[in-house]
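Colleague: this one's structure only:
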């Protein structure tokens, strides 16, 4: 193989890796929204947290999102110091199927005062995958990622170094029988080879299974850590 052929292959590969989000069809997903109780009283910009649900909450009924996670806590009356947007993934789709993020963010940015240096994404199970994939597609948008029992697809491992630009806190139960613990392990291993060394926190939950949604309620350090991260 000559030099010109090698160069063309490398160029095509780079263009392909940088166009994942552009290849996806733009989509608008309905979402739940929470704004801090003092939002109308203070003329300031607020951090934004995008919360992605798991596979059991797909559909066109936003009330399904209130089963657990951040929408559940909001429904219970818990107050937060940041805006929360919780989109709903349609049936028969995944968070990686369409480019829903740009549409959602454009809508939020037009309507609410958002601190662009403090945009975060978090999710559990299918939503954990979604948090990683969205960060892979838009690595310059997020100040931090918190992923619970998530992972990335085989096809996305080639661009795992996109995640090295973003502080990440990952949680996974070693006894998870739905999404193997090894899914998070291989992300951690992949990041070790990246030129930019990522701030990757990996909390192993020994002997715990898939149902770790309780962390959103019982571990306030998650929110403290997120809010400390800035672009």
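Modeller: Yep, it's here. Computed from a predicted structure; not experimentally measured.

Colleague: please count neighbours and contacts with C-alpha atoms only from this point.
Modeller: Will do.

Colleague: the spatially most central residue of the chain in helix, strand or coil?
Modeller: With distances taken as C-alpha atoms, centre = their mean, the residue of the chain nearest its centroid is residue 131 (1.9 Å). With DSSP: H, G, I helix; E, B strand; the rest coil as the basis, residue 131 sits in helix.

Colleague: tell me the contacts of it?
Modeller: Residue 131 sits next to 52, 121-123, 145-147 when contact means C-alpha atoms under 8 Å, 6 or more residues apart in numbering.

Colleague: got it, and residue 175?
Modeller: Counted by C-alpha under 8 Å, 6+ apart, residue 175 has contacts 181, 206-210.

Colleague: by neighbour count, which of the residues you listed wins?
Modeller: Per-residue neighbour counts (other C-alpha atoms under 10 Å) across the contacts of residue 175 peak at residue 181, which has 22 neighbours.

Colleague: let me know the pLDDT of residue 197.
Modeller: Here, the pLDDT recorded for residue 197 equals 77.

Colleague: hey, which strand is longest across this protein?
Modeller: Ranked by residue count, the top strand of the chain under DSSP state E comes out as strand 114-124.

Colleague: who does that strand pair up with?
Modeller: As defined by DSSP bridges, the strand partners of strand 114-124 come to strand 46-52 (parallel), strand 144-148 (parallel).

Colleague: what about residue 128, how many neighbours?
Modeller: The burial count for residue 128: 29, using other C-alpha under 10 Å.

Colleague: tilt between the host helix or strand of it and strand 144-148?
Modeller: If you go by DSSP states H and E, residue 128 is part of helix 126-137. Put simply, helix 126-137 runs at 150 degrees to strand 144-148, going by axes from the mean of the first three to the mean of the last three C-alpha atoms, to 10 degrees.

Colleague: that older thread, quick one: which of the contacts of residue 175 is nearest residue 27?
Modeller: Taking C-alpha to C-alpha as the measure, residue 27 sits nearest to residue 210 out of those, at 29.3 Å.

Colleague: do I have it right that the closest one meets residue 171?
Modeller: No. Residue 210 lies out of contact with residue 171 (C-alpha atoms under 8 Å); the separation is 10.5 Å.

Colleague: quickly list what's touching both of the two.
Modeller: In contact with both residue 210 and residue 171: residue 149, using C-alpha under 8 Å, 6+ apart.

Colleague: and the pLDDT for the residue nearest to the centre of the chain?
Modeller: 98.

Colleague: tell me how far it lies from residue 107.
Modeller: As judged by C-alpha to C-alpha, to the nearest Å, residue 131 and residue 107 stand 19 Å apart.

Colleague: also residue 212?
Modeller: 31 Å.

Colleague: okay, these two: which has more neighbours?
Modeller: Neighbours were counted for residue 212 and for residue 107 using other C-alpha under 10 Å; residue 212 has more, 18 against 12.

Colleague: measure the more buried one to residue 220 for me?
Modeller: Taking C-alpha to C-alpha, one finds residue 212 at 14 Å from residue 220.

Colleague: give me the low-pLDDT residue ranges for this structure?
Modeller: Residues of the chain meeting the criterion pLDDT under 70: 1-22.
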